[in-house]
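**Q** I would like to see how this sequence folds:
(chains A and B)
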Amino acid sequence: MDKRGMEKDLYFFIIEIVFVLATGILLFWYVSINADSTLFWKNYYAKDLALTMDAVEGVPEDVDITFAPLSIDHAFEYELLQGIVNIYAVPRDLPSRFHFAVDSYYSFSNQNFFSGFQIKKQGRNIAFNEQPLENACKNILTKDDYKEKHYFIGSTDETFAKNVKAALENGLKNENVALESYPIDADFSLQIKQDSTISETTIYVNGEHPKSKKFACILEEKLIAKRFSVTTNELVLQKQPSAVIVLGTKDDLDINTLVPAIFESIKEYYQ
Amino acid sequence: MKNAQVKRMLLNIYRFIFLAFVLGVTVFLIKFMVITNLETEAVEKEVFFNRVLYGTAINYQDPVTQKIYPGIVDMVKFTSANLEQHINYSIKDRLGAQLDLKNLKTNETKTIYLNEQWYLDKRPLFLANVQGRGSVKGYIRAVPVTIYENNSHAQGILTIHLLRQND
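**A** Residues are numbered from 1 along each chain as shown, chains lettered A, B, ... in the order given. Sure thing, here's the model as predicted:
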């Protein structure tokens, strides 16, 4: 074999190696995209919900079913149309669709939900109710979210925020939680405010983020146990899990009751 | 270019074609193994059979109490139009059924359909055992029933033939 021939063989060999490497990287990229995608879950919920509706329509007697999505990271919109179930990832993308048979003698109106809901068939009427927040949040899995242990605690009262941060740092020192100075650095943002125009304390949660709901309903439970008068509302906040506690006039900015409730909630959030 | 060089180049082209083939097969296998779809055929079949056997579509319903009596087929309700009203799919190309009700007293059989045209179109594929995406899978279930007609009862056999489009 002459030298020039060997050189050409070498070029071909290098091109082959580059080709194999590029394909390998593309395959890994494809698999990781699919592993992260919501497509499987959308298909799963579309079929699950459509077949549930099929069964509900077929049951001759009254029936009451709770549709509770499984514990996964993604948020979905569940759309029920006449004979069609559409599942969108949030924010809305292309839906996964599945069909079910309707009974023309039953009344049915189109519905959209962002979390679990109740399907109630009574006589010839099929009604839907959004599940109460405390029931909807239980299945949301956050146990392995170690990466989300960066918290931002903000308040309109800076001294209060500092005190809360100090108390939380002390309470959570064994929990591998970092308190960040800016919301942008945090994975979970918690704002505490006071409003003299409202009487009941309200926790606003990111309605589009199921993890916020989980945190909010744990916190609500803890605050009610500490005799706070609390309600929870949904609000679109930042993209990350976040909650805003607005303290009403019935409750004080008492650090000794509020802070333990917050850090117990943070601890329970990961259980 | 010398003859030997041309030969070597052609040999390398073969290598590339083989490499592309192997990589193509690898891509196909990975795509094949990444699951994005769920097989729910068995559940769909059961839901349908149960809907027909226990639901309001063909069973007798007491006009006063509104109670449904599964297993008592009301001949007034045993029509294709009524079945379509009670089990109404928004798409007509996924599932179809034929219900045969044989009266054991008179030996007469009445047949009704769900998505009749689609069912009749697809039945030859099922009978010919054609496999694949465009074809269908079929299921049959026969149950003894009581036939209620003109205030009298008779024994009968209800046979449900279900065809479902392959995914």
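**Q** got the domain boundaries for chain B?
**A** Per automatic domain parsing, the structural domains of chain B span B:1-36, B:41-165.
**Q** mean pLDDT lowest for which of these?
**A** The weakest mean pLDDT among the domains of chain B belongs to domain B:1-36, with a mean of 75.
**Q** got the buried residues for that domain?
**A** By 16 or more other Cβ atoms under 10 Å in any protein chain shown, the buried positions in domain B:1-36 come out as B:8, B:12, B:23. All C-beta spots, glycine's among them, are computed from the backbone N, C-alpha and C.
**Q** Now the last one. Nearest residue, chain neighbours left out?
**A** It refers to residue B:23. Distance criterion Cβ to Cβ, 6 or more residues apart in numbering or on different chains; nearest residue to residue B:23, sequence neighbours excluded, is residue A:23 at 4.8 Å.
**Q** helix or strand for that neighbour, which one?
**A** If you go by DSSP states H and E, residue A:23 is part of helix A:3-36.
**Q** elements contacting that helix?
**A** On a contact count with 3 or more Cβ pairs under 8 Å, 6 or more residues apart in numbering or on different chains; DSSP states H and E, helix A:3-36 meets helix B:3-33.
**Q** Remind me what the helix it packs on packs against, helices and strands.
**A** Under the contact definition 3+ Cβ pairs under 8 Å, 6+ apart, helix B:3-33 sits against helix A:3-36.
**Q** now the angle between helix B:3-33 and the helix holding residue A:23, please.
**A** For helix A:3-36 against helix B:3-33, the angle by axes from the mean of the first three to the mean of the last three Cα atoms, to 10 degrees is 10 degrees.
**Q** For chain B, which segments count as strands?
**A** Per DSSP state E, chain B carries strands over the ranges B:59-61, B:68-74, B:88-89, B:95-103, B:109-114, B:136-149, B:152-165.
**Q** domains of chain A?
**A** A:39-131, A:146-269.
**Q** Quick check: which of those is nearest to residue B:145?
**A** Proximity to residue B:145 (Cβ to Cβ) singles out domain A:39-131 among those, at 15.4 Å.
**Q** Whether that closest one contacts chain B - can you check?
**A** Yes - residues of domain A:39-131 contacting chain B under Cβ under 8 Å from any Cβ of the partner chain: A:39-40, A:43-44, A:47, A:51, A:54-55, A:57-61, A:82-84, A:99-105, A:123.
**Q** most packed of the domains of chain B?
**A** Counting by mean count of other Cβ atoms under 10 Å in any protein chain shown, domain B:41-165 has the highest mean neighbour count of these, with a mean of 16.
**Q** How about residue B:82: what's its closest non-neighbour residue?
**A** Using Cβ to Cβ, 6+ apart and skipping residues adjacent in sequence, the residue nearest residue B:82 is residue B:57, 6.9 Å away.
**Q** That neighbour: what's it in contact with?
**A** B:51, B:77, B:82-83, B:86-87 (Cβ atoms under 8 Å, 6 or more residues apart in numbering or on different chains).
**Q** Mind checking which of these land in helices?
**A** B:51, B:82-83, B:86 (DSSP state H).
**Q** so which of the residues you listed comes closest to chain A?
**A** Nearest to chain A among those, counting by Cβ to the nearest Cβ, is residue B:51 at 3.4 Å.
**Q** Could you find the closest non-adjacent residue to that closest one?
**A** residue A:58 (3.4 Å).
**Q** do the same with residue B:94
**A** Nearest residue to residue B:94, sequence neighbours excluded (Cβ to Cβ, 6+ apart): residue B:165, at 4.9 Å.
**Q** and that neighbour, what does it touch?
**A** Contacts of residue B:165 (Cβ under 8 Å, 6+ apart): B:93-95, B:122, B:136.
**Q** how about those residues in CSV, adding distance to residue A:219?
**A** Conversion of the contacts of residue B:165 to CSV gives the following (distance: Cβ to Cβ, whole Å):
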residue, distance to residue A:219
B:93, 50
B:94, 46
B:95, 47
B:122, 56
B:136, 53
